[in-house]
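> sharing a sequence plus its predicted fold:
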Amino acid sequence: MDFKTLQENIKTLDKERPVIYRLNTQVEKEILTKTIKLNEEVGELCNDTLSVLKLQRKSKLEKFDKRNFYEEFADVIITTVQLANAAGVDLERAINDKLTKINQRYHKDH
């Protein structure tokens with residue numbers, strides 16, 4: 001199948017099964033925006049990780065500054081907290097609950 005046919009097939013599929021997003025409130029819009037921003041920050045952290053491991057192409061490695069790697073970790077954490085705030089998530093509770101679950105699973109497996 002060529003790309004033109006693929007695109008036409010997907011257009012037909014989209015018409016038959018439209019996805020309807022209703023972002024009515026500012027909170028919903030903020031959650032979506034913060035989710036997209038978090039993905040951007042994670043992508044930047046991934047790029048810097050590749051640079052630290054010397055797996056990036058030469059032109060990117062020449063521009064790489066390791067201080068930026070630390071900043072990307074901070075960006076991911078800050079954006080995660082912003083998303084949690086927008087979504088009304090109690091991060092302390094979420095982390096404690098998850099750590100309890102991980103510890104229970106670890107002790108069960110060992």
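Perfect, thanks for sending it.
> phi first, then psi, for the residue nearest to residue 72 when sequence neighbours are not counted.
Ranked by Cβ to Cβ, 6 or more residues apart in numbering and with sequence neighbours excluded, the top spatial neighbour of residue 72 is residue 45, at 4.1 Å. Quick note: C-beta positions are derived from backbone N, CA and C, even for glycine. Main-chain dihedrals, residue 45, degrees, to the nearest 10: phi -60, psi -40.
> now residue 7
Per degrees, to the nearest 10, the backbone of residue 7 is at phi -60, psi -40.
> once you drop chain neighbours, what's closest to residue 23?
In space, residue 23 is closest to residue 29, 5.1 Å off (Cβ to Cβ, 6+ apart).
> per-residue confidence at the one you found?
On pLDDT, residue 29 comes in at 94.
> and it, how far from residue 8?
Shown here: residue 29 relative to residue 8, a distance of 32 Å by Cβ to Cβ, to the nearest Å.
> any idea how far residue 78 lies from residue 19?
From residue 78 to residue 19 the distance is 30 Å (Cβ to Cβ).
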